[in-house]
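Participant: A structural model of the following input is requested.
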Amino acid sequence: MNTQDLHLQEKERLAELESYSILDTLPEEDYDNLTTIASEICDTPISLISLIDNKRQWFKSKHGIVAEETPREIAFCSHAIEDKSSIFEIEDAREDNRFKFNPLVLEDPKVVFYAGVPLITEKGYALGTLCVIDNKPKKLTEKQVQSLKALSNQAMRLMELRKKTILLEDTLQNLKERNEELERYEFISVHDLKTPLVSISSMTQLLSQQYGSVIEDNGLEMLDSIQNSSQKLKNLISGLLEFNQQENKLNESKTWVNLSSIISEIDNIFSDSDQLSIRLNADSKEIFTNKTATNQLIINLIANTLKANERMVNAIEVTIEQDETHYRFSSRDVSTIEKLKSHQRQFQLLEKLSGKDKFGKIGNGIGLATVHKIVEKNGGKVEMQTGPKGKPLFVFTLEKAELPDLVN
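Facilitator: Sure, this is the predicted structure:
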């Protein structure tokens with residue numbers, strides 16, 4: 001191999017070493033264990049995991065010496081990585097013309113015996129060695145050589161694992177930043193979409209109020225259609241935003257939640273509806289759960305129940321039960337939410353069912369899609385069962401969270 005090829009190969013080797021981001025890192029027990037074991041097996045006072053940089057030999061782990069690094073030009077390991085054989089062994093450096101005048105031989109640590117196994121990457125580059133050193137002549141047995149090779153392979157596996165872990169962490173950080181950017185874009189986009197819809201709704205309402213007397217019935221119907229369509233689109237956009245923000249709610253920590261308090265809060269949300277009465281039937285006063293997610297689940301079930309109810313007066317009963325592994329929630333005393341045969345399709349985000357609510361409006365299904373998403377993330381399921389008198393009964397379950405340790 002000519003000088004130019006050697007220079008190119010060394011440049012690539014140094015780039016490979018840099019990609020591991022390991023130089024000048026703090027000591028780590030996993031690496032230190034390897035050098036300790038190497039010294040024990042080979043019966044040497046010194047063992048090192050060394051990495052050869054451009055100008056130095058740096059020790060990721062050292063057993064038996066204090067130095068952190070040495071100049072590359074006097075490093076035994078520099079010869080080991082150039083040789084790249086399975087093991088580079090010098091029985092007596094004082095008798096070897098390459099090393100007998102080396103400062104490491106003449107001065108501390110007075111190297112006499114050296115044996116190093118190259119640390120070779122998956123791409124075939126030798127980054128350094130796992131080596132053992134003694135200050136007296138020595139020759140390793142075949143068993144010791146095989147053990148040193150195995151320890152060298154383990155050191156390289158640790159480095160590969162470190163590299164992949166760093167790459168994964170960088171990827172996760174990039175995804176996090178990208179997700180935050182998308183959330184900001186989502187917020188701006190929703191705002192930008194809602195603004196013209198509000199203007200359309202306001203203008204059509206103004207036209208109806210100020211010029212309704214001179215507009216023909218057909219024209220008023222068209223204005224009303226525009227008003228309804230803009231409101232429906234506004235609700236759809238809000239629903240999509242809410243659906244995409246459920247991950248944040250699901251990441252909230254679990255806490256003890258008072259069930260009566262939950263129902264009271266939900267009752268306040270529906271307080272504008274004179275037709276609605278919400279009752280609680282529970283076998284426990286408190287449950288350990290994600291409060292925001294649980295509120296959202298019950299609200300969506302009641303809201304869909306209310307919209308689909310054929311009667312003008314609703315009395316909705318929310319029942320909360322539990323067994324060893326799950327909480328069970330159900331709402332009842334409603335007319336059909338959707339025909340039983342088509343209820344499973346409500347969980348598809350934007351699929352529209354043929355049925356209409358009591359106001360004659362077709363729902364977009366986002367509410368129940370939100371329910372389904374939260375329930376699945378919490379180890380539960382959503383079902384439609386047949387209640388008393390053949391009425392549909394909504395049921396969802398949530399897996400019980402592990403209770404926190406009690407502090408005396």
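
Participant: Leu130 in helix, strand or coil?
Facilitator: Following DSSP: H, G, I helix; E, B strand; the rest coil, Leu130 is assigned to strand.

Participant: Now the nearest residue to it once chain neighbours are set aside: which helix or strand?
Facilitator: Closest residue to Leu130 apart from its sequence neighbours, by Cβ to Cβ, 6 or more residues apart in numbering: Ser152 at 4.1 Å. (Each C-beta comes from the backbone N, C-alpha and C, glycine too.) Taking DSSP states H and E as the definition, one finds Ser152 inside helix 142-211.

Participant: is it fair to say Phe101 lies in a strand?
Facilitator: No. Counting by three-state DSSP, Phe101 is located in no strand; its state is coil.

Participant: Residues in contact with stretch 166-181: which ones?
Facilitator: Identification of contacts with stretch 166-181 by Cβ atoms under 8 Å, 6 or more residues apart in numbering yields Ser21.

Participant: Okay, buried residues for that stretch please.
Facilitator: Within stretch 166-181, no residue is scored as buried using 16 or more other Cβ atoms under 10 Å.

Participant: Repeat that for stretch 280-296.
Facilitator: 282, 287, 289-291, 293-296.

Participant: Please apply the same query to stretch 129-143.
Facilitator: 129-135, 138, 140.

Participant: Check the separation of the first and last residues in it.
Facilitator: The separation between the terminal residues of stretch 129-143, taken as Cα to Cα, to the nearest Å, is 19 Å.

Participant: again with stretch 44-61
Facilitator: End to end - Cα to Cα - stretch 44-61 spans 15 Å.

Participant: which residue is nearest the centroid of the chain?
Facilitator: Closest to where the C-alpha atoms of the chain average out (Cα atoms, centre = their mean) is Leu172, at 7.2 Å.

Participant: Let me see the ranges of the strands in the protein.
Facilitator: Secondary structure of the chain by DSSP state E: the strands cover 46-52, 56-63, 69-71, 88-90, 113-120, 126-134, 255-258, 276-282, 286-289, 314-322, 326-332, 382-386, 392-399.

Participant: Of all the ones you listed, which one comes closest to Ala38?
Facilitator: strand 46-52 (4.2 Å; Cβ to Cβ).

Participant: Tell me the strands beside that closest one, with direction?
Facilitator: Its sheet considered, strand 46-52 pairs with strand 56-63 (antiparallel), strand 126-134 (antiparallel) by DSSP bridges.

Participant: how about those strands in TSV, adding mean pLDDT?
Facilitator: Converted to TSV, the strands paired with strand 46-52 look like this (pLDDT from 0 to 100):
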stretch	mean pLDDT
strand 56-63	97
strand 126-134	96
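
Participant: mind putting these in a markdown table, distance to Phe329 included?
Facilitator: Rendered in a markdown table, the data for the strands paired with strand 46-52 read as follows (distance: least, Cβ to Cβ, whole Å):
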| stretch | distance to Phe329 |
| --- | --- |
| strand 56-63 | 55 |
| strand 126-134 | 58 |
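
Participant: circling back to that earlier point, tabulate the strands of the chain in JSON lines, adding columns for distance to Thr195.
Facilitator: Shown next, in JSON lines, are the strands of the chain (distance: least, Cβ to Cβ, whole Å):
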{"stretch": "strand 46-52", "distance to Thr195": "59"}
{"stretch": "strand 56-63", "distance to Thr195": "58"}
{"stretch": "strand 69-71", "distance to Thr195": "62"}
{"stretch": "strand 88-90", "distance to Thr195": "72"}
{"stretch": "strand 113-120", "distance to Thr195": "61"}
{"stretch": "strand 126-134", "distance to Thr195": "58"}
{"stretch": "strand 255-258", "distance to Thr195": "37"}
{"stretch": "strand 276-282", "distance to Thr195": "32"}
{"stretch": "strand 286-289", "distance to Thr195": "37"}
{"stretch": "strand 314-322", "distance to Thr195": "35"}
{"stretch": "strand 326-332", "distance to Thr195": "36"}
{"stretch": "strand 382-386", "distance to Thr195": "35"}
{"stretch": "strand 392-399", "distance to Thr195": "36"}
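
Participant: which stretch among those comes nearest Glu12?
Facilitator: Nearest to Glu12, of the strands of the chain and by Cβ to Cβ, is strand 126-134 at 11.6 Å.

Participant: hey, what's the closest residue to Glu321 other than its chain neighbours bridged with?
Facilitator: The shortest distance from Glu321 to any non-neighbouring residue, by Cβ to Cβ, 6+ apart, is to Arg328 (4.6 Å). On the basis of DSSP bridges, Arg328 is bridged to Glu321, Thr397.

Participant: and what of Glu89?
Facilitator: Ala115.

Participant: re the thing from before, look up how far Asn179 lies from the residue nearest to the centre of the chain.
Facilitator: Between Leu172 and Asn179 the computed distance is 10 Å (Cβ to Cβ, to the nearest Å).

Participant: Look at Met156 and say how many residues are nearby.
Facilitator: 20 (other Cβ atoms under 10 Å).

Participant: Report pLDDT for the nearest residue to it once chain neighbours are set aside.
Facilitator: Excluding its sequence neighbours, the residue lying closest to Met156 (Cβ to Cβ, 6+ apart) is Leu119, at 5.0 Å. Looking at Leu119, its pLDDT is 96.

Participant: ok, now which ones touch Leu119?
Facilitator: Per Cβ under 8 Å, 6+ apart, neighbours of Leu119: 49, 51, 126-130, 152, 155-156, 159.

Participant: try it again with 10 Å
Facilitator: By Cβ atoms under 10 Å, 6 or more residues apart in numbering, Leu119 lies in contact with 17, 49-52, 60, 77, 80-81, 125-130, 152-153, 155-156, 158-159.

Participant: For those, which PyMOL command selects only the ones that are buried?
Facilitator: Selecting only the buried entries of the contacts of Leu119 in PyMOL, with 16+ other Cβ under 10 Å as the criterion:
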select buried, resi 17+49+50+51+52+60+77+80+81+125+126+127+128+129+130+152+155+156+158+159
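
Participant: about what we covered before: distance to Lys373 for the buried residues of stretch 129-143 - can I get that in CSV?
Facilitator: Rendered in CSV, the data for those read as follows (distance: Cβ to Cβ, whole Å):
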residue, distance to Lys373
Thr129, 53
Leu130, 51
Cys131, 56
Val132, 58
Ile133, 61
Asp134, 65
Asn135, 68
Lys138, 66
Leu140, 61
